[in-house]
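> Quick one, fold the following:
(one chain, ligands or ions: 1)
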Amino acid sequence: MTNRQLFLDHVGQTSLAPLCLEIVKAEGCILYGADGKEYIDLIGGISVCNVGHRNPRVIEAIKKQLDDYLHIMVYGELVQSPQVQYAKKLADHLPYPLTAVFFTASGSEATEGAMKLAKRYTNRTQIISFKNSYHGSTQGALSVMGSGYWQQAFRPLLPGILQLPYNSFNDLERITEETACVIAETIQAEAGVIVPQNGWLKALRKKCDETGTLLVLDEIQCGFGRNGTLWAFEQFDVVPDILLLGKALGGGMPLGAFVADKKIMQSLTHDPVLGHINTFGGHPVCCAAGSAAFDVLLDEKLVEAVKEKEKLFLTLLVHSKIKAVRSCGLMMALEFDSFETNKKVIDGLLQEPGYSEGPVSLVFTDWFLFASHCLRIAPPLTISQEEIKEACTRIIKVLDAI
Ligand code: PLP
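Numbering: from 1, shown residues only. All right, here's what the predicted structure looks like:
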């Protein structure tokens, strides 16, 4: 039986039409298929592989940690060097007072932990989130998801959640002294790359300060340089009370975190003790990998090159069928007239081209959860100018052909 059939028969499925592409190796910005074909990866595991697939320094750090220890104890009791070194490194590159890192096993769990922390610290129950936001798929994170379509089948969800339109100044008035926290993506990803309008995040920060509400910014997808600064919030002159991290945090290994002022974080240690616990949060191999990836990001000045690469994409991606391009660094949404057009482009990019001249690169990409008519571009930040040119040429040729 083929692996494809085994995948369909024995691996829990998430849709009735999975892509079923079998990848046997990934290196840098290229995925190698079991069919012998090579694909330029334009989505980097959905904003995970910022330093490229199998970055040599990440692989070396993983191997080194394998020789010392794997899992030794549930999170929070033992001093584990990869964990503490990575936490310190993150704290050194975050503005004060974001000094305490609580490691989790996923981004969704970081959202869960942050919501619990905000309720515990403020002694309030209301949580405010925004329409078309995505913070994860577990029940708490689903409760603050900005789409009724994905929530409906799983109700009842958490009570006390209020959803406001993103980017609306007037609606900020609905944040009150009963609000434990407001949770927002600094750049809305699954909405199809929606950037906060001028001054909105500052107004949100101000309203939170006035009401004693904690501001939680979710940079699980947009953090780690993807938007052209190490943290997206730097571009908007705000600092959150709690920062959510995930995806690129682990350098290709599973890892999440919520980061806060030590004083706030301490409230998870008493009344009750063990206010949030997990088994695998901050796994030593994942922390070693993430820490090495963070070094690569900084040492190779990958963040500094993001804006230039974004510019190259924007210069090359001009076509009458592209209705709009929204971008913030290497997080881009190409808007088409419909999902059908987008699907034709996505599928066309995976097919051998029917012409002989020019590049024959196959390109791997997809759409967004709340914007299925938009094509996602979020490649490893290591993508070369050549790879960008090849991928864009291919996109334009596919658009010509459909
Ligand atoms: N928050 C954002 C902005 C995300 O994009 C995601 C995942 O796509 C999550 C949270 C949830 O992270 P995870 O899939 O690791 O649970």
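> Could you tell me which residues of the stretch 101-250 of the chain lie near the ligand?
Within reach of the ligand by CB under 6 Å from any ligand atom, the stretch 101-250 of the chain has these residues: 106-108, 111, 134-136, 185, 189, 218, 220-221, 246. Every C-beta, even on glycine, is put in place using the N, C-alpha and C of the backbone.
> Could you list which of those belong to helices?
Counting by DSSP state H, those place 107-108, 111 in helices.
> Out of these, which comes closest to the ligand?
Checking those against the ligand by CB to the nearest ligand atom gives Gly107 as the nearest, at 2.3 Å.
> Surely that closest one is in contact with Phe258?
No. The pair Gly107 and Phe258 fails to qualify as a contact (CB atoms under 8 Å) at a distance of 9.9 Å.
> Identify the contacts common to the two.
Shared contacts of Gly107 and Phe258 (CB atoms under 8 Å, 6 or more residues apart in numbering): 244-245.
> neighbour-wise, which of the ones in helices among the residues of the stretch 101-250 of the chain next to the ligand leads?
Counting neighbours by other CB atoms under 10 Å, Thr111 leads those with 32 neighbours.
> Residue in the stretch 301-402 of the chain with the shortest distance to the ligand?
Residue of the stretch 301-402 of the chain nearest the ligand, by CB to the nearest ligand atom: Leu369 (8.2 Å).
> residue contacts, Leu369?
134, 147, 150, 190.
> can you pull the contacts of the third one?
With contacts defined as CB under 8 Å, 6+ apart, the neighbours of Trp150 are 142, 369.
> circling back to that earlier point, let's have the contacts of Leu369 in a markdown table, adding pLDDT.
Shown next, in a markdown table, are those (pLDDT from 0 to 100):
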| residue | pLDDT |
| --- | --- |
| Tyr134 | 98 |
| Ser147 | 93 |
| Trp150 | 95 |
| Glu190 | 97 |
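> Counting neighbours, which of those residues comes out on top?
Of all these, the most densely surrounded is Tyr134 (27 neighbours; neighbours counted as other CB under 10 Å).
> And that residue, how close does it get to Pro353?
33 Å (CB to CB, to the nearest Å).
> Tell me how confident the model is about the helix or strand where Glu390 lies, as a mean pLDDT.
Per DSSP states H and E: Glu390 is located in helix 385-401. The average pLDDT for helix 385-401 rounds to 96.
> can you check stretch 208-217 too?
Per-residue scores along stretch 208-217 average to 98.
> need the contact list for the most centrally placed residue in the chain.
The residue lying closest to the centre of the chain (CA atoms, centre = their mean) is Gln221, at 1.7 Å. By CB under 8 Å, 6+ apart, the residues touching Gln221 are 46-47, 185, 187, 189-190, 246-247, 331, 378.
> hang on, the earlier thing: pick out whichever of the ones in helices among the residues of the stretch 101-250 of the chain next to the ligand sits closest to Asn342.
Distance to Asn342, by CB to CB, is smallest for Gly107 among those, at 24.8 Å.
> what sits against the closest one?
Applying CB under 8 Å, 6+ apart to Gly107 gives the contacts 135-136, 220, 244-247, 256.
> Same check on Thr125?
Thr125 touches 119, 159-160, 178, 180, counting by CB under 8 Å, 6+ apart.
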